[in-house]
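Asker: give me the fold of what follows.
(one chain, ligands or ions: 1)
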Amino acid sequence: MNNASVEKFFDKVLTGRLTPDRQALDIIDQTLLPGTVKRINLSTKEEIWEAIKKLRVRGAPAIGVSAAYGMAVLSSRSQAADFDSFYSEFKANKEYLASSRPTAVNLFWALNRMEKTLLDNRTKSIPEIQEILYHEADKIQAEDVQISRNIGEIGFGLLKDLKKEGRPVGIETHCNAGTLATAKYGTATAPMYIALEHGWKGTDMHVYCDETRPLLQGARLTSFEVASAGITTTVQCDNMASSLMRAGLIDIIFVGCDRVARNGDFANKIGTSGLAIIAKHYGIPFYVCAPSSTIDMETPSGSQIPIEMRDPDEVTEMWYQERMAPENVNVYNPAFDVTDHSLITGMITEKGLCTAPFEDAFRKIGL
Ligand SMILES: CSC[C@@H](O)[C@@H](O)C(=O)COP(=O)(O)O
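Answerer: Below you'll find the predicted structure:
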């Protein structure tokens, strides 16, 4: 794939943007993928909340970008006559959007950043502040593109070291930490897209996407993205990871994260910790791709990360015509799990590669 076609691919699947009149968010509805590629507009606070809650837009950085744009759109409609009433409307909208999902820290990070911008500009007129909020959301979006690019360049360095003549580099990933989950390159997928930009062919890599039960982000989203970009792709069920690794097909694992605690423990899509444990057993390098906005120095360890529990129907009915389990059976359905820092080979941030001890490494990159 040449650079022009990589760019065309990105244009098709980009997640966070505004409509031209800036009155609504324009997102791809990820619940319909891969069968239907449909863009939808979100203009009310209820629509934005519902889209995040229902995973129409999902993935930690994309949730943050959407929340920032959401605050800019909602604030632009304010009829408030003075700063205090403008700010109290802002705070009510912020609190409402913050209640959509609990685990990905980027949501709160982006909302707090928008609030700080508003407060830093409190002496300006309301129309000026409304414009500044749009500008800040654009900045968050543009920074996310650059952050993913940097993560991709570092990850690409690791891929280059693994390249051997006559055999693709085997990469396993879990859930979707791809273009759909960010503003452009993804985090866990960024090394692959950057590899294409550096002239690798799609056949130089083989990406193994865990299907990612229960909502199948790996099967529906990552394989769709990566295959659309022309990279050799295979989907396997989550319980096949050990079999893949034992067969010698996996050289490296890249995953994303929803929140990284100060000690390096991190929450990511349910199933990630199991993957890390299996990788440790087989001696396969396990890398977490982490924008610094996902590292939460206020959370000491993984035990303090709030884990979202989701609707039991996602396990018993959601993707099938018939029920998959008896009516009223108990269901355990956490959306995320915590991986212990001892299982991580390295954490790739946009500011450099962090290795244990993680707290020291995070301090060194300015967190
Ligand atoms: C760059 S996205 C990182 C994570 O948000 C991703 O790996 C993940 O777990 C997403 O979960 P989801 O429930 O689909 O929002």
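Asker: which parts of the stretch 251-367 of the chain sit against the ligand?
Answerer: Counting by C-beta under 6 Å from any ligand atom, the residues of the stretch 251-367 of the chain close to the ligand are 256, 257, 258, 268, 269, 335. Any C-beta I mention is one placed from the backbone N, CA and C, and that applies to glycine too.
Asker: against residue 109, how distant is the closest residue to the fourth one other than its chain neighbours?
Answerer: It refers to residue 268. Spatial nearest neighbour of residue 268, excluding adjacent residues (C-beta to C-beta, 6 or more residues apart in numbering): residue 257 at 4.8 Å. Residue 257 is 13 Å from residue 109, where distance means C-beta to C-beta, to the nearest Å.
Asker: higher neighbour count, the two?
Answerer: It is residue 257, of residue 257 and residue 109, that has more neighbours when counted by other C-beta atoms under 10 Å, with 28 against 23.
Asker: now that one: which helix or strand?
Answerer: Per DSSP states H and E: residue 257 is located in neither a helix nor a strand.
Asker: test my guess that it contacts residue 269.
Answerer: No: contact criterion C-beta atoms under 8 Å: residue 257 and residue 269 do not qualify, at 9.3 Å.
Asker: residue boundaries of the helices in the stretch 151-300 of the chain?
Answerer: 190-197, 223-228, 241-246, 272-282 (DSSP state H, counting those that start in this stretch).
Asker: so of the ones you listed, which one's packed in deepest?
Answerer: For the helices of the stretch 151-300 of the chain, average neighbour numbers computed from mean count of other C-beta atoms under 10 Å are highest in helix 190-197, which has a mean of 25.
Asker: which elements pack onto that one?
Answerer: With contacts taken as 3 or more C-beta pairs under 8 Å, 6 or more residues apart in numbering; DSSP states H and E, helix 190-197 sits against helix 3-13, helix 126-162, strand 205-210.
Asker: try it again at 10 Å.
Answerer: With contacts taken as 3 or more C-beta pairs under 10 Å, 6 or more residues apart in numbering; DSSP states H and E, helix 190-197 sits against helix 3-13, helix 126-162, strand 169-173, strand 205-210, helix 223-228, strand 252-255, strand 286-289.
Asker: by how many degrees do that helix and helix 126-162 diverge?
Answerer: 80 degrees (axes from the mean of the first three to the mean of the last three C-alpha atoms, to 10 degrees).
Asker: quick one: helix 190-197 near the ligand?
Answerer: No: Helix 190-197 stays clear of the ligand (C-beta under 6 Å from any ligand atom), getting no nearer than 9.1 Å.
Asker: any idea how many residues pack against the closest residue to residue 80 other than its chain neighbours?
Answerer: In this structure, residue 80 finds its nearest non-sequential neighbour in residue 86, 3.9 Å apart by C-beta to C-beta, 6+ apart. Using other C-beta under 10 Å, residue 86 has 19 neighbouring residues.
Asker: before we move on, back to that, which of the helices of the stretch 151-300 of the chain has the lowest mean pLDDT?
Answerer: Lowest mean pLDDT of those: helix 223-228, a mean of 93.
Asker: any idea how this protein splits into domains?
Answerer: Domains of the chain are assigned by automatic domain parsing as 3-143, 152-364.
Asker: residue ranges with poor pLDDT in the protein?
Answerer: Low-confidence segments of the chain (pLDDT under 70): 1-6, 8-9, 12-15, 319-321.
Asker: residue closest to the middle of it?
Answerer: What sits nearest the mean C-alpha location of the chain, by C-alpha atoms, centre = their mean, is residue 59, with 3.1 Å.
Asker: that residue contacts residue 176, doesn't it?
Answerer: Yes: judged on C-beta atoms under 10 Å, residue 59 makes contact with residue 176 at a distance of 6.2 Å.
Asker: identify the contacts common to the two.
Answerer: Listed as contacting both residue 59 and residue 176 by C-beta atoms under 10 Å, 6 or more residues apart in numbering are 30, 182, 186, 217, 221, 256, 269.
Asker: nearest spatial neighbour of the fifth one, skipping sequence neighbours?
Answerer: In this case it means residue 221. Closest to residue 221 by C-beta to C-beta, 6+ apart is residue 176, at 3.9 Å.
Asker: just list the residues touching that neighbour, thanks.
Answerer: 30, 33, 58-59, 62, 182, 186, 188-189, 209, 212, 215-226, 256, 269.
Asker: dihedrals phi and psi, residue 113?
Answerer: Note on residue 113: backbone dihedrals following degrees, to the nearest 10 are phi -60, psi -40.
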